[in-house]
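Asker: Sequence first, predicted model second:
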Amino acid sequence: MAGPGAYWFGNEEINEVLDVIKRGYLFRYGSKDDPKFLHKVSDLEKEFARYCGADYALATSSGTASCLVSALALGLKPGDEVIVPAYTFVASYSSLIFAGVIPVLAEIDDSLTLDPDDIEQRITSKTKAIMPVHMLGNPSNMDKIMAIAKKHNLFVLEDSCQAAGASYKGRKIGTIGDIGAFSLNIFKTINTGDGGLVATNDKSLYETAFGIHDQGHKPSRLGVEVGARSVLGLNFRMNEITAAVAMAQLGKLDKIVSTLREKRTKLKGLISEARGFKFRTLNDPKGDCATICTVIFETREKAVKVSQALGSKTVDQSGWHVYANMEHVLRFLKEKGQPHTKGSYPKTDDILSRAMNISVGVVDGGLGAGWGININSTDAEIEAAAKQFVNACK
């Protein structure tokens, strides 16, 4: 079980890593005059910024670190509130909580991303940002979200951890809001086992994020010498081996996404003959990275019956991606006087109870996507899976 990038590991990753290993220099900083130092992390940051069309990128140790660093870079303070969808991975909440921020949950819509129509009623005098999550590779409705943010003078932190390679109306996700966080975990579009990236067009945010990720140090250097430090930081640095793998994977990203789109299009065409469900809404059908095919059934009973027949489960049963399944987060929300029980977000509960995730590129039982196809599936295998689904729907 893994994301699509893991299925395409090959000589590119091996050669990149061997380059680093043979020289025996694994730290992200070094002298440009040292032949052992290959500055893979620095090169990755430049390449990822170029890929995204962003002015700046920062490599981190994980997607969670990227979210935390981004939140702190925005200047969010303890007690501030950030609006987040009620369907996302637990790290969206935990990174905010560790920044001292209160996540304020909001409903999702049929795209399984943040419902723009539910945002404004959640805004209070303490609200400082919106965190849209491009869930399951599907970009959020960024036009509406950005309009709301502008109206209320709020930051936008894009949680792009599950959607590297996706775009929204021609712009790469993670570059539309103020800052964007990405993950390189094994279940993501491209992966290094674990790792993360941050993208922004704001120089000040970049410099602050860099300092937070590395003990307050200044960016845009190769060596460890620094000037005066203006912020307190921690250590969320990426090492050279991780960056080497990421460089190889990044070179495959566009091909991964185009392949997934082709395979999902075929799968959707074949299962469309079945009745009793609809496909989730894609806020930009040309920009979604097609890692998952989500179907939403007309009834909960049908969803349970079909998913069980296929050895899968409905999305509401998918572990730490559903607010109601996160007992530790619910305890925190209760302490802060926020809604904290199942049923607090009825629209989200209803949609997830009737939804099933079919794997296309991300094969992950934790997402409820343990059944389906993968990036290497042949036409015959896609046809066989489609036949299984159609029969289960009868």
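Answerer: Arrived safely.
Asker: Now the spatially most central residue of the chain: closest residue in space that isn't a chain neighbour?
Answerer: Per Cα atoms, centre = their mean, the C-alpha nearest to the average position across the chain is that of C161, at 1.9 Å. Spatially, and ignoring its direct neighbours in sequence, C161 is nearest to S183 (3.6 Å; Cβ to Cβ, 6 or more residues apart in numbering). In this view, the C-beta of every residue, glycine as well, is placed from N, C-alpha and C.
Asker: Which stretches in the protein count as helices?
Answerer: 4-7, 11-23, 40-52, 63-73, 90-98, 142-152, 203-213, 240-250, 253-271, 300-309, 327-335, 346-353, 379-393 (DSSP state H).
Asker: Which stretch among the ones you listed is buried most, on average?
Answerer: helix 63-73 (a mean of 29; mean count of other Cβ atoms under 10 Å).
Asker: if we look at that one, which residues are touching it?
Answerer: 58, 60, 82, 91-92, 94-96, 98-99, 101, 129, 157, 159, 161, 179-185, 188, 196-198, 200, 205-206, 208-209, 212-213, 236 (Cβ atoms under 8 Å, 6 or more residues apart in numbering).
Asker: one more time with 6 Å
Answerer: 60, 91, 95-96, 98-99, 157, 161, 179, 181, 183, 185, 196, 198, 205, 208-209, 212-213, 236 (Cβ atoms under 6 Å, 6 or more residues apart in numbering).
Asker: pLDDT score for E225?
Answerer: What the model reports as pLDDT for E225 is 59.
Asker: just M1 next, same as before
Answerer: pLDDT, read off for M1, is 87.
Asker: For the stretch 201-350 of the chain, give me the ranges with low pLDDT.
Answerer: 220-221, 224-228 (pLDDT under 70).
Asker: about what we covered before: which of the helices of the chain sits closest to G370?
Answerer: For those, the distance to G370 is smallest for helix 300-309, at 10.1 Å, taking Cβ to Cβ.
Asker: what helices or strands is that closest one leaning on?
Answerer: helix 379-393 (3 or more Cβ pairs under 6 Å, 6 or more residues apart in numbering; DSSP states H and E).
Asker: Now do the helix it packs on against helix 253-271, angle only.
Answerer: For helix 379-393 against helix 253-271, the angle by axes from the mean of the first three to the mean of the last three Cα atoms, to 10 degrees is 40 degrees.
Asker: Can I get helix 379-393 in CSV? Just the C-alpha atoms.
Answerer: This file holds the C-alpha atoms of helix 379-393, laid out as CSV (Å, rounded to 0.1, in the frame of the first residue of the first chain):
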residue,chain,number,x,y,z
ASP,A,379,-6.4,-2.2,-19.2
ALA,A,380,-7.5,-5.7,-18.4
GLU,A,381,-7.0,-5.1,-14.6
ILE,A,382,-9.0,-1.9,-14.8
GLU,A,383,-11.8,-3.6,-16.7
ALA,A,384,-11.9,-6.5,-14.2
ALA,A,385,-12.1,-4.0,-11.3
ALA,A,386,-14.9,-2.1,-13.0
LYS,A,387,-16.8,-5.3,-13.6
GLN,A,388,-16.5,-6.1,-9.9
PHE,A,389,-17.8,-2.7,-8.9
VAL,A,390,-20.7,-2.8,-11.3
ASN,A,391,-21.7,-6.3,-10.1
ALA,A,392,-21.5,-5.1,-6.5
CYS,A,393,-23.9,-2.3,-7.3
